[in-house]
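In: Just need the structure, nothing else, for what follows:
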Amino acid sequence: MTRDKKDEMVVHLFERRKQKMNPEDAFNITPFLIIIVFCVIAVFASIVIGYIVHKSDLKKISFINEKMRFIEKRSYILMGKLNQTITADSYRDSLKLTGVRIKKSGNTLTISGGIKNVGHRQVSDIEITVYFLDDRDKIISHESFTSMSPDGLPLAKNRKRNFIFTVPGPPDNTKEIRTVITGIAFGSHGKKG
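Out: As a prediction, this is how the structure comes out:
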């Protein structure tokens with residue numbers, strides 16, 4: 001290679017570097033740029049969507065946890081009431097009605113008597129129900145009342161509490177009247193009201 005040819009090649013390379021980029025060369029870069037921009041947008045969108053989904057899932061999980069805590073508390077309350085009801089129902093046999101008298105006066109009945117606690121627990125309130133039965137021992141109607149201690153003290157073991165209450169007269173076809181203890185509440189003092 002001659003010196004002239006070498007100079008001519010160097011000049012040629014130099015001039016080529018100075019030339020503007022060929023539009024065909026720029027077109028070849030465009031797909032890569034589009035792919036890169038698309039990837040950046042996709043990554044950003046997935047981060048944003050992931051964050052939104054994560055936040056909404058956390059809210060759902062939080063809501064579900066609150067609901068579960070509510071259900072759990074409610075079930076403990078209901079189980080406690082059920083246990084108390086079962087205990088109260090089984091304890092009713094430890095309460096005895098004594099000296100029950102029924103007096104009719106006009107269109108009303110006055111029912112009086114006593115309640116004796118022969119069990120070992122203290123009882124605050126005692127529900128007594130009067131049943132009116134027909135000649136086939138079917139209940140025609142009933143009236144209930146709650147015997148509360150006048151001094152607010154519970155009915156203790158081997159103690160007696162007197163009661164008296166008035167109910168409307170019995171239906172015409174009443175053949176029998178029964179007085180039964182139908183509910184009790186344990187506690188250290190009577191209910192207010």
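In: And the strands in this protein, which stretches?
Out: Here the chain has its strands, by DSSP state E, at 95-105, 108-117, 123-133, 139-148, 160-168, 176-186.
In: Give me the residues contacting the fifth one.
Out: Strand 160-168 is contacted from outside by 98, 107-117, 126, 128, 130, 143, 145, 147, 149, 155, using Cβ atoms under 8 Å, 6 or more residues apart in numbering. From N, CA and C alone the C-beta is placed, and that goes for glycine too.
In: Could you turn the buried ones of these into a PyMOL selection?
Out: Applied in PyMOL, the following selects the buried portion of the contacts of strand 160-168 according to 16 or more other Cβ atoms under 10 Å:
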select buried, resi 109+111+113+115+116+117+126+128+130+143+145+147+149+155
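In: picking that back up, so which of the strands of the chain comes closest to residue 78?
Out: When the strands of the chain are compared by Cβ to Cβ, strand 176-186 sits nearest residue 78, at 17.0 Å.
In: tilt between that closest one and strand 95-105?
Out: 130 degrees (axes from the mean of the first three to the mean of the last three Cα atoms, to 10 degrees).
In: List the strands paired with strand 176-186, with their directions.
Out: Strand 176-186 sits in its sheet next to strand 123-133 (antiparallel), going by DSSP bridges.
In: thinking again about what came up before, between the strands of the chain, which gets nearest to residue 75?
Out: Distance to residue 75, taken as Cβ to Cβ, is lowest for strand 176-186 among the strands of the chain, at 21.4 Å.
In: For that closest one, what does the pLDDT average out to?
Out: The average of the pLDDT scores along strand 176-186 is 85.
In: ok now that strand, how far from the chain's centre?
Out: Distance of strand 176-186 from the chain centroid (Cα atoms, centre = their mean, to the nearest Å) equals 31 Å.
In: Could you check it and say which residues are buried?
Out: Buried-residue list, strand 176-186, by 16+ other Cβ under 10 Å: 179, 181, 184-185.
In: do the same with stretch 133-143
Out: By 16+ other Cβ under 10 Å, the buried positions in stretch 133-143 come out as 133, 143.
In: picking that back up, reformat the strands of the chain as a markdown table; add distance to residue 51.
Out: Converted to a markdown table, the strands of the chain look like this (distance: least, Cβ to Cβ, whole Å):
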| stretch | distance to residue 51 |
| --- | --- |
| strand 95-105 | 65 |
| strand 108-117 | 66 |
| strand 123-133 | 57 |
| strand 139-148 | 59 |
| strand 160-168 | 68 |
| strand 176-186 | 54 |
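In: How about residue 96: what's its closest non-neighbour residue?
Out: Leaving aside its chain neighbours, residue 96 sits nearest to residue 116 (4.8 Å; criterion: Cβ to Cβ, 6 or more residues apart in numbering).
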